[in-house]
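Peer 1: can't give you the sequence, but here's the structure:
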């Protein structure tokens, strides 16, 4: 087990190694990187993050399918779709349990949200008294999903139900985190990246346990907060950069 300073040096080196434009090519983040308009980046990013479970190549292929359906102009499509467009999408297979019905639900919600807000950033503001995005995510869920029950709600996880909300946390890293590496976008300038957490999945969870960063065996929200406490000691201003280190170590199986 590495000592604190040794572990920080090791993870800093790995974050530096994997936080590189080459990372984009094989990761779902390549989907929003195809756009320059802020709203296009947000919509493409949120959709790609939402279906980010399973094989990365499969995720990218499914995200490309959604882009094709939207004519590769996500913002224009969600603001100007016809009922005929939605009818054609309804029966389509998109990605695993995320189907055409879910996709059309998202499109309608995006239309409503962007009719009222310039950016999704407005829905994820973190209050001064808050130290992570748990409450912000719940406020977003309430706004985006609404109160009427729908099958699609399961695709937007809830920290209040102790989910790690890995996919939303990953999306937030893409939008909020700022550096000069060219991987993350950092286009949400009013939200501080110090509140970001590590997107906790099988890879990052296993590596974190192997390195002694966490002790909990579940990949849930309590474990996200446990990891927060340690990671923020390494860099309180940019804790999410260590996602590159943990994910990279997990994918490459370097520590096995």
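Peer 2: Looks like it arrived, so ask away. Owing to the predicted nature of the structure, the values given are computational and were not obtained by experimental measurement.

Peer 1: show me the strands in the protein, by range?
Peer 2: 93-95, 98-99 (DSSP state E).

Peer 1: now residue 171, nearest residue through space, not along the chain?
Peer 2: Spatial nearest neighbour of residue 171, excluding adjacent residues (CB to CB, 6 or more residues apart in numbering): residue 49 at 3.8 Å. From N, CA and C alone the C-beta is placed, and that goes for glycine too.

Peer 1: what does the pLDDT read for the one you found?
Peer 2: Note on residue 49: pLDDT of 96.

Peer 1: run a quick neighbour tally on it.
Peer 2: 25 (other CB atoms under 10 Å).

Peer 1: select, out of the strands of the chain, the one closest to residue 224.
Peer 2: Evaluated over these, closeness to residue 224 peaks at strand 98-99, with 22.6 Å, by CB to CB.

Peer 1: where does pLDDT dip in this structure?
Peer 2: Filtered on pLDDT under 70, the chain yields the residue ranges 1, 147, 255-256.

Peer 1: show me where it has its helices.
Peer 2: 4-18, 38-50, 56-69, 74-80, 83-90, 100-116, 134-145, 166-176, 202-210, 221-234, 242-252 (DSSP state H).

Peer 1: and those helices as CSV, adding distance to residue 125?
Peer 2: Shown next, in CSV, are the helices of the chain (distance: least, CB to CB, whole Å):
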stretch, distance to residue 125
helix 4-18, 27
helix 38-50, 15
helix 56-69, 27
helix 74-80, 21
helix 83-90, 30
helix 100-116, 14
helix 134-145, 6
helix 166-176, 11
helix 202-210, 26
helix 221-234, 19
helix 242-252, 22
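
Peer 1: ok, which of the ones you listed comes nearest residue 27?
Peer 2: helix 56-69 (6.4 Å).

Peer 1: contacts for the closest one?
Peer 2: 26-28, 30-31, 34, 44, 47-48, 51-53, 74, 77, 89, 92, 94-95, 98, 103 (CB atoms under 8 Å, 6 or more residues apart in numbering).

Peer 1: of the helices of the chain, which is nearest residue 124?
Peer 2: Using CB to CB, the helices of the chain put helix 134-145 closest to residue 124, at 5.0 Å.

Peer 1: helices or strands up against that closest one?
Peer 2: Counting contacts by 3 or more CB pairs under 8 Å, 6 or more residues apart in numbering; DSSP states H and E, helix 134-145 packs against helix 100-116.

Peer 1: buried residues in the helix it packs on, which are they?
Peer 2: Within helix 100-116, the residues that count as buried by 16 or more other CB atoms under 10 Å are 100-107, 109-110, 113-114.

Peer 1: residue 176: which of the residues you listed is nearest?
Peer 2: Nearest to residue 176, judged by CB to CB, of those is residue 113 at 17.8 Å.

Peer 1: any idea how far residue 248 is from the closest one?
Peer 2: Remark: distance between residue 113 and residue 248 (CB to CB, to the nearest Å) = 33 Å.

Peer 1: residue 31 now?
Peer 2: 20 Å.

Peer 1: more neighbours, those two?
Peer 2: Ranked by neighbour count (other CB under 10 Å), residue 31 and residue 248 place residue 31 first, with 26 against 20.

Peer 1: residues near the residue nearest to that one when sequence neighbours are not counted, how many?
Peer 2: Of all residues not flanking residue 31 in the chain, residue 48 sits nearest, at 4.0 Å (CB to CB, 6+ apart). Using other CB under 10 Å, residue 48 has 28 other residues around it.
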